[in-house]
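Engineer: my questions concern the predicted model and sequence given below.
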Amino acid sequence: MKLTNTTIFLIIAFSGNVFSQQKVDKIILNGKIITLNDEQPSAEAIAIAGNRIIELGSNQRIKKYLRKNVQVIDARGKTVIPGIYDSHLHVIRGGRFYNAELRWDGVTTLAGALSMLKEQALRTPTGQWVRVVGGWSEFQFKEKRLPTLDEINAATGDTPAFILHLYGQAFLNKAGIQVLGITGDTPNPTGGLIQKNPDGEPTGLLVAEPNAFILYSTLSKLPELTMEEKINSTERFIYDLNSLGVTSVMDAGGGFQNFPDDYQITDMLSTSRKLNVRLPYYLFAQKPGTELEDYLKWIGMVDISEHQSDVQVKNQTTEYRVLGAGENLVASGGDFENFLKPRPELPLAMENQLKAVISELVKNRWPFRLHATYNESITRFLNVMEQVNQETPFNGLTWFFDHAETVSDANLDRIKALGGGLAIQDRMAFQAEGFVSRYGKNAALHTPPIRRMLNKCLRVGGGTDGTRVSSFNPWIGIYQFVSGKSMGGLKFASSENQVDRISALKIYTLGSASLIHQENERGMLKKNFLADLVILNADYLGVEEEKIKDIRSVLTILDGKVIFGAREYQTIAPRVPKALPDWSPVNFYSEYQSR
């Protein structure tokens, strides 16, 4: 077709107008960019306008956007990746307590952990506790053992102490037992054990058998921080997530987390434009027997349909909204993942209770997620879902299982047929040794069966399940799926169930986005996608396997804005506020130790 002069003029004018509208704010040059876009797997440079990526390509190509007011960031040959998307983390609950917790995440020796415990006990004021709440396993220690109660008592003295170990047990020191008023006459709660010595007195060991209610209900009795301290605590937790490259999180709710009261802090951070992570969240039923009433109440309070698009809300910088229901839908469906104890048998009442809740969710087009560890439970859950689907078709409703460590091939096919997905975590990195001791080596070879999930083209997203069991460090999960190893170095996964580094990174970025159908604008670095990206301190594709779990961010960008910077990028990043109160362990130990 022959173009007239007028047509050519209009094309040039239109192109110039489009270019002028692309007000590039910043460009990143000299990067080793892993885009995760199969059509353009790598690039050297990237241009960002507002909260979107304008273009990726060579340094020379991106330099065309250089202008007086454009910020130039030199990646200096470092690896650049999309922001990490943790599809299962408890930020809203965890943030409220983060500054009060001494974290053993990544500590390499028990001696070092006990030294930290002693130091923190000395600085903790009267009326407060030393608390270590998850994120560690005895197998990460050189000594390959748990602390004894004698060692804990010697380290903490008269300062009350609570130490949570995975999903199975917690340690109270003598001062803690006294403060809580636990005696030889204190009865065991259902599904839990207060260990007694031969004289009938409590030793300080609390055991989930297999229900973790005894652990979490005890933890809930510890003193809380003030409102000012909770706000600061949540900011510090999110800052530490940013330091690991996390830019998006799906909050999975949690026990002892009531809606809307316990959401005030993240509500305030969102409206004050200080929420430095995308934080869509789910509502978690709290009280056994009243779950249906809870969800009917919340369905009446929250209009899910108004959030179907990701249009930003006034006075809100990043996504913060209710996504749906879960991860707990009914207490009778809780198949607790305490691999040190036998798999729980769910009560016969579960099916009717779960069906009542899921039926209402489907009728009201509420997405949901469901905690499901064992294949036996998943079979029963799917039976219920298939019944509901016959009565009220799911018809594309977004839903997925959390965990699914022992899910079978047959049930994976049933999940796909119902349009479901799977949010998997790094729990075997912390619990593989316990799993193998109970179920054997062969059972662990495909736990969870990640390769089978991917081969069946299921939607699969990665997460941590931090902070009360696993660490909030997503690189542990990436390490687990690449290496097939636990944090203690146990090679538990078969080579057929390991994935390559690009696939593992996709699970923790694009995969998580796909769980809720957001893969059209995030999870990879691509033109017109959200500008959420990270410059790493190591070459992810080249670093030795054992060092994958130690990777950190040196620069994190969320929504086109720098939110975290370390080393040479510290001067262009916001200052991190000091942790409140002054005695907070966060002021004395880094977010992820190597001690």
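Structural biologist: Looks like it came in fine. Note that the structure is predicted; figures quoted are calculated from it, not measured.

Engineer: what about the strands in the stretch 251-400 of the chain?
Structural biologist: Under the criterion DSSP state E, counting those that start in this stretch, the stretch 251-400 of the chain contains strands at 281-283, 322-325, 368-372, 399-403.

Engineer: mind putting the ones you listed into TSV with mean neighbour count, distance to residue 112 and mean pLDDT?
Structural biologist: Bear in mind the C-beta positions are built from the backbone N, C-alpha and C, glycine included. What follows is the strands of the stretch 251-400 of the chain, written out as TSV (neighbours: other CB atoms under 10 Å; distance: least, CB to CB, whole Å; pLDDT from 0 to 100):
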stretch	mean neighbour count	distance to residue 112	mean pLDDT
strand 281-283	24	35	97
strand 322-325	24	39	97
strand 368-372	27	33	98
strand 399-403	25	30	98
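
Engineer: can you add distance to residue 446 and give those strands back as CSV?
Structural biologist: Output for the strands of the stretch 251-400 of the chain, formatted as CSV (distance: least, CB to CB, whole Å):
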stretch, distance to residue 446
strand 281-283, 28
strand 322-325, 29
strand 368-372, 16
strand 399-403, 14
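
Engineer: closest one to residue 229 among these?
Structural biologist: strand 281-283 (21.8 Å; CB to CB).

Engineer: residues making contact with the closest one?
Structural biologist: Contact partners of strand 281-283, identified using CB atoms under 8 Å, 6 or more residues apart in numbering, comprise 92, 250-253, 259, 263, 294-295, 298, 302, 320-327, 368-369.

Engineer: can you rerun that using 6 Å?
Structural biologist: By CB atoms under 6 Å, 6 or more residues apart in numbering, the residues outside strand 281-283 that reach it are 251, 252, 253, 259, 298, 323, 324, 325, 326, 369.

Engineer: shaky segments in the protein?
Structural biologist: Along the chain, the model assigns pLDDT under 70 to residues 1-22, 306-317, 591-595.

Engineer: for the residue nearest the centre of it, which non-adjacent residue is spatially closest?
Structural biologist: In the chain, the residue lying closest to the centroid (CA atoms, centre = their mean) is residue 89, at 2.8 Å. In space, and not counting its chain neighbours, residue 89 is closest to residue 249: 4.8 Å by CB to CB, 6 or more residues apart in numbering.

Engineer: is it true that the one you found lies in a strand?
Structural biologist: Yes: counting by DSSP: H, G, I helix; E, B strand; the rest coil, residue 249 is part of a strand.

Engineer: tally of neighbours for residue 76?
Structural biologist: When neighbours are defined as other CB atoms under 10 Å, residue 76 has 14 of them.

Engineer: ok, and the closest non-adjacent residue to it?
Structural biologist: Using CB to CB, 6+ apart, the closest residue to residue 76 is residue 30 (5.9 Å).

Engineer: picking that back up, next one: the residue nearest to residue 89 from residue 464, what distance?
Structural biologist: 9 Å (CB to CB, to the nearest Å).

Engineer: what's the answer for residue 288, then?
Structural biologist: Separation of residue 288 from residue 464 (CB to CB): 27 Å.

Engineer: ok, these two, which is more surrounded?
Structural biologist: Neighbours per residue (other CB under 10 Å) separate residue 288 from residue 464, with residue 464 holding more: 30 against 13.
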